[in-house]
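Q: Next come a sequence and a model predicted from it.
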2 protein chains.
Amino acid sequence: MKMDTKKMVEEITSMEVDFAKWYTDIVKKADLVGYSSVKGCMIIRPYGYAIWELMQAELNSRFKATGHENIYMPMFIPESLLQKEKDHVNGFAPEVAWVTHGGSEPLQERLCVRPTSETLFCEHYANIVQSYRDLPKLYNQWCSVVRWEKTTRPFLRSREFLWQEGHTAHATAEEAEEETIKMLNVYAEFCENVLNMPVIKGQKTESDKFAGAKATYAIEALMHDGKALQAGTSHYFGDGFAKAFDITYTDKENNIRHVHQSSWGVSTRLIGGIIMSHGDNNGLVLPPKIAPIQVVIIPVAQHKQGVLEKAEELRIKLAEKFRAKLDGSDNSPGWKYAEYEMKGVPLRLEIGPRDIEGNQCVLVRRDNREKVFASLDNIGETIEKLLEDFGNALYEKAHKNMTGRTYACKNADEIKAVLKENGDGFIKAMWCGEKECEDKIKEDTGVSSRCIPFEQEKLSDACVCCGKPAESMIYWGNAY
Amino acid sequence: MKMDTKKMVEEITSMEVDFAKWYTDIVKKADLVGYSSVKGCMIIRPYGYAIWELMQAELNSRFKATGHENIYMPMFIPESLLQKEKDHVNGFAPEVAWVTHGGSEPLQERLCVRPTSETLFCEHYANIVQSYRDLPKLYNQWCSVVRWEKTTRPFLRSREFLWQEGHTAHATAEEAEEETIKMLNVYAEFCENVLNMPVIKGQKTESDKFAGAKATYAIEALMHDGKALQAGTSHYFGDGFAKAFDITYTDKENNIRHVHQSSWGVSTRLIGGIIMSHGDNNGLVLPPKIAPIQVVIIPVAQHKQGVLEKAEELRIKLAEKFRAKLDGSDNSPGWKYAEYEMKGVPLRLEIGPRDIEGNQCVLVRRDNREKVFASLDNIGETIEKLLEDFGNALYEKAHKNMTGRTYACKNADEIKAVLKENGDGFIKAMWCGEKECEDKIKEDTGVSSRCIPFEQEKLSDACVCCGKPAESMIYWGNAY
């Protein structure tokens, strides 16, 4: 049984040698993405898209449980509409794609392809909200958006990407703030329980806010290489957009008031996050809840009588409860082992003539290659338990990576020393709240502010930069 | 119990007075669509989008059962890529939206927003297909597409719409042709069994083919007003695109061969189809399988003790099997009756104090307002049966409309007389196969060719136009 440790499929660069190359190797060899002549855009291949569909189903059920409805807005935004909120247009205009012609005719007003849809939702809310009875409006949209990035990487940063954007309107500031935090918590719960990826919840600094927001909150994850990934954001707008777009309602006392709003989004970037949280030098490792194949059945000595039949019988049985696949192709078992390891399938089920005789099979975990012999009688329960353990183990491992690579520092020199000794990671440090200090730390050490975590610690009284009284502890890091 | 025949919500134009106005009234008052400042594009409101999501789920299960995988391609097509297949670019270039700038910089090559994605799929197939072992490729994509239409109507024709596009590559012409017809049959089965909308399956004439196709097949439905709606198309490409894009594979004998291809699509236009197939002067009437609410529970005398509690108990029970909603709002029962009739909810369940005493409720069908008293003991079975009957009744009614408005004609004068007497409908007539006759019939009578149906009848030996030997029977009509 040495075969499963060999790499029978194409080698990938090891992550210790070149993490960026390791990443793009996996993306390609696990068949997640294809390249086209459309610069900066990706083809999401069936295996990658199936992961996204499973994420969508999990998120949709959470959005529905919190009272949200799906809607679809136009993909174009007229320039004049984009310009209605000043901070917003300043933030996005430099990176939008402009449509200038319809057929052979120039347009009277050019349209941008949505980089995000606040302006469209605001216009719609202005049309449909009249009374306090119409509130709250809790909408979500699944769509693709476009941002004209200069440098791109599959899933992490591309000119077009798929996402969901929630947009809500409320009667009061309190309700809108509550929604903003509620959805950040939904994202965090989803990342931890579905993607098995621990995250830090916190608030972005002033200089890192979304264009037009009063406050931006984020969940930040730490990748294998110690770099941070902003995995989702939730924005509180106050009544800023409502004033720019004149979204008003009549309250119970017949006063005309502006609504208060939020928006929040996660994207296909999360697929990049799970690659870099769980993957290893044999390829992808997928969280069971979003794995397109949870169990792959590999027949051993499949030419022998009854083996393929038994394997197919097993597949039919397992398919009632799991996403199960049987690979009865002519490739060798060793090639198959490597192939489904590359694709990150959580469990491999091997079954050969002797197993069939003994009414058993072999189950192999993708993460640690632990093997167990399992009776076919209660195979469903065994797999269910193994998948649950598997998800928990992924979380524990990623959590250990995160806490092991989180360093408390008191000044810029300590930050530099820690980074030099350990490579990238989260730096926890106190901060006075001034932009000057935030900028100077980045200039001196290279790390930028990630977020002001909800879970504060008092590491000291003094700002890591200026030494003046500190306002809060902040996470710093290099980010994707 | 007269309330339910009154219109307590806003009146809609009756379809006999102005069918086009009736249609747009329903679209708006059933809350399917919203308008924005983006000309020619629509907002698909939550209720309309929920219908689309249910259609997607039904179609996805059929695509999966026939071996297809979902994939996502970029939304942009470089001009040079669009131009690779000559007929294709001639067909689409006049109606595409062009992106010319990214941020403030002009692009080196302009990009069109996909009007359809044959060119992108072909480029991808050229990259990923090498051997006969790689075939067939059976891909599908859910996305939005853009065609710069001059006149637009919600769902029926808009500059942006949502659809699915299947794109397949096969080793042989026979396999590609088989796929083309198979998917047309999937669409027809879906329309008839899920949308309760009868369709005619047939082939488009030469002049009506998709740009770049060897043959285009379509399903054609007949609306309430006698106009035809092309509800879905399936195209056979032969190896035309494969030659233009150099998509080749090595066969078992080591010869290099071109693949043969198909593509097929249906869109949000189908929502327009169900409105105009089943709707009436009280609003929408929805097929049970795609109704976001299948049963709405309206409490009667809901202020009385125990009524709302019992209604909610019932909702929880029904929600296990159906998409059920309880409206316990302060609006009057009459207002609610009209509201959910407007929204086309198949069944209304009324429950009041006396019903509760008798362990029963009242069920009212949306289509014919038939009322039945039903025991609460087996209410699930009763509703299941009623929904099934309801769907069948919708189909029967639409089928009767179609056959009743289909007329066999022998010459142009007969066509004109029939149209004058009955208004629009399907005209069945023989045709010699010449474009001149097709054009002349349109010029003389106003109706255009819809399709050459698979189910042929021999009405006579002579072409309806020139009188020369006829090749086939053809359906003609005015179309959306």
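A: Structure received. Computed from a predicted model, the values in this text were never measured in an experiment.
Q: Can you show me the helices along chain A?
A: Listed in chain order, the helices found in chain A under DSSP state H are A:19-29, A:46-65, A:79-82, A:86-92, A:118-128, A:173-193, A:240-245, A:269-278, A:307-319, A:333-342, A:353-357, A:379-404, A:412-422, A:435-445.
Q: what's the distance between the single nearest residue of the stretch 351-480 of chain A relative to chain B and residue A:220?
A: Nearest to chain B, among the residues of the stretch 351-480 of chain A, is residue A:480, at 21.2 Å (Cβ to the nearest Cβ). For the C-beta atoms, the positions are set from N, CA and C on the backbone; glycine is no exception. Residue A:480 sits 10 Å away from residue A:220, going by Cβ to Cβ, to the nearest Å.
Q: what's the most buried one of the helices of chain A?
A: helix A:269-278 (a mean of 25; mean count of other Cβ atoms under 10 Å in any protein chain shown).
Q: Next, the angle from that helix to helix A:46-65.
A: Computed by axes from the mean of the first three to the mean of the last three Cα atoms, to 10 degrees, the angle separating helix A:269-278 from helix A:46-65 equals 110 degrees.
Q: how much does helix A:269-278 deviate in direction from helix A:19-29?
A: Helix A:269-278 runs at 120 degrees relative to helix A:19-29, counting by the same axes, to 10 degrees.
Q: Which strands or helices does helix A:269-278 pack on?
A: Counting contacts by 3 or more Cβ pairs under 8 Å, 6 or more residues apart in numbering or on different chains; DSSP states H and E, helix A:269-278 is packed against helix A:19-29, helix A:46-65, strand A:228-238, helix A:379-404.
Q: Reformat those into CSV and put distance to residue B:431 and mean pLDDT next to each item.
A: CSV is the format used below for the helices and strands packed on helix A:269-278 (distance: least, Cβ to Cβ, whole Å; pLDDT from 0 to 100):
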stretch, distance to residue B:431, mean pLDDT
helix A:19-29, 52, 97
helix A:46-65, 42, 98
strand A:228-238, 59, 98
helix A:379-404, 60, 98
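Q: Serialize these to TSV and add fields for distance to residue A:184.
A: As requested, these are exported to TSV (distance: least, Cβ to Cβ, whole Å):
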stretch	distance to residue A:184
helix A:19-29	27
helix A:46-65	12
strand A:228-238	4
helix A:379-404	18
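Q: May I have the residues that are in contact with the closest residue to residue A:235 other than its chain neighbours?
A: Distance criterion Cβ to Cβ, 6 or more residues apart in numbering or on different chains; nearest residue to residue A:235, sequence neighbours excluded, is residue A:213 at 4.1 Å. Shown in contact with residue A:213 (Cβ atoms under 8 Å, 6 or more residues apart in numbering or on different chains): A:235-237.
Q: ditto for residue A:422
A: Taking Cβ under 8 Å, 6+ apart, one finds A:226, A:405, A:407 in contact with residue A:422.
Q: Columns distance to residue A:447, neighbour count and pLDDT on top of those, output as TSV?
A: Converted to TSV, the contacts of residue A:422 look like this (distance: Cβ to Cβ, whole Å; neighbours: other Cβ atoms under 10 Å in any protein chain shown; pLDDT from 0 to 100):
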residue	distance to residue A:447	neighbour count	pLDDT
A:226	11	20	97
A:405	13	21	97
A:407	11	18	98
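Q: picking up where we left off before, do you know how far the residue nearest to residue A:235 is from residue A:88?
A: Counting by Cβ to Cβ - residue A:213 and residue A:88 are separated by 9 Å.
Q: Same question for residue A:113.
A: Taken as Cβ to Cβ, the span from residue A:113 to residue A:88 is 16 Å.
Q: hmm, which helix or strand of chain A has the shakiest average pLDDT?
A: helix A:86-92 (a mean of 89; mean pLDDT, DSSP states H and E).
Q: and it, anywhere near chain B?
A: No. Figure legend: helix A:86-92 not in contact with chain B (Cβ under 8 Å from any Cβ of the partner chain); closest approach 9.7 Å.
Q: now do stretch A:159-168
A: Yes. Remark: stretch A:159-168 sits within contact range of chain B at A:159-160, A:162, by Cβ under 8 Å from any Cβ.
Q: In PDB, list the C-alpha atoms belonging to that stretch.
A: Extracted C-alpha coordinates of stretch A:159-168, given in PDB (Å, rounded to 0.1, in the frame of the first residue of the first chain):
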ATOM      1  CA  ARG A 159     -11.400  42.000 -13.000                       C
ATOM      2  CA  GLU A 160     -14.700  40.100 -12.900                       C
ATOM      3  CA  PHE A 161     -15.700  38.000  -9.900                       C
ATOM      4  CA  LEU A 162     -18.900  36.400  -8.500                       C
ATOM      5  CA  TRP A 163     -20.300  37.500  -5.300                       C
ATOM      6  CA  GLN A 164     -23.400  38.300  -3.200                       C
ATOM      7  CA  GLU A 165     -24.200  41.800  -2.100                       C
ATOM      8  CA  GLY A 166     -26.800  42.400   0.600                       C
ATOM      9  CA  HIS A 167     -28.400  45.900   0.700                       C
ATOM     10  CA  THR A 168     -30.700  46.900   3.500                       C
END
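Q: Looking only at that stretch, what residues are buried by neighbour count?
A: Within stretch A:159-168, the residues scored as buried using 16 or more other Cβ atoms under 10 Å in any protein chain shown are A:159-168.
Q: I figured residue A:88 hits residue A:115, correct?
A: No. Here residue A:88 does not reach residue A:115: they are 10.0 Å apart, not a contact under Cβ atoms under 8 Å.
Q: Point out where chain A drops to low pLDDT.
A: Within chain A, the segments meeting pLDDT under 70 span A:1-10.
Q: Residue most distant from the centroid, it?
A: residue A:305 (45.7 Å; Cα atoms, centre = their mean).
Q: Hmm, residue A:295 is touching residue A:324, no?
A: Yes. Using Cβ under 8 Å, residue A:295 is in contact with residue A:324, at 4.7 Å.
Q: and for those two, which residues touch both?
A: residue A:318.
Q: More neighbours: which of those two?
A: residue A:295 (27 against 20; other Cβ atoms under 10 Å in any protein chain shown).
Q: and that one, what does it touch?
A: Counting by Cβ under 8 Å, 6+ apart, the residues that residue A:295 touches are A:318, A:322-325, A:345-349, A:383.
Q: Excluding chain neighbours, what is closest to the residue in the stretch 251-400 of chain A that chain B sits nearest to?
A: In the stretch 251-400 of chain A, the residue that lies nearest chain B is residue A:268 (8.9 Å; Cβ to the nearest Cβ). In this structure, residue A:268 finds its nearest non-sequential neighbour in residue A:162, 4.7 Å apart by Cβ to Cβ, 6+ apart.
Q: now the contacts of residue A:422 in JSON lines, with distance to residue A:309?
A: Below are the contacts of residue A:422 laid out as JSON lines (distance: Cβ to Cβ, whole Å):
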{"residue": "A:226", "distance to residue A:309": "49"}
{"residue": "A:405", "distance to residue A:309": "50"}
{"residue": "A:407", "distance to residue A:309": "57"}
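Q: How about the contacts made by the residue positioned nearest the centre of chain A?
A: In chain A, the centroid-proximal residue (Cα atoms, centre = their mean) is residue A:270; its distance is 2.0 Å. Contact analysis of residue A:270 by Cβ under 8 Å, 6+ apart lists A:55, A:191, A:195, A:231-232.
Q: which among these gets closest to residue B:433?
A: residue A:55 (51.8 Å; Cβ to Cβ).
Q: Tell me how far that closest one lies from residue A:197.
A: Distance of residue A:55 to residue A:197, computed by Cβ to Cβ: 12 Å.
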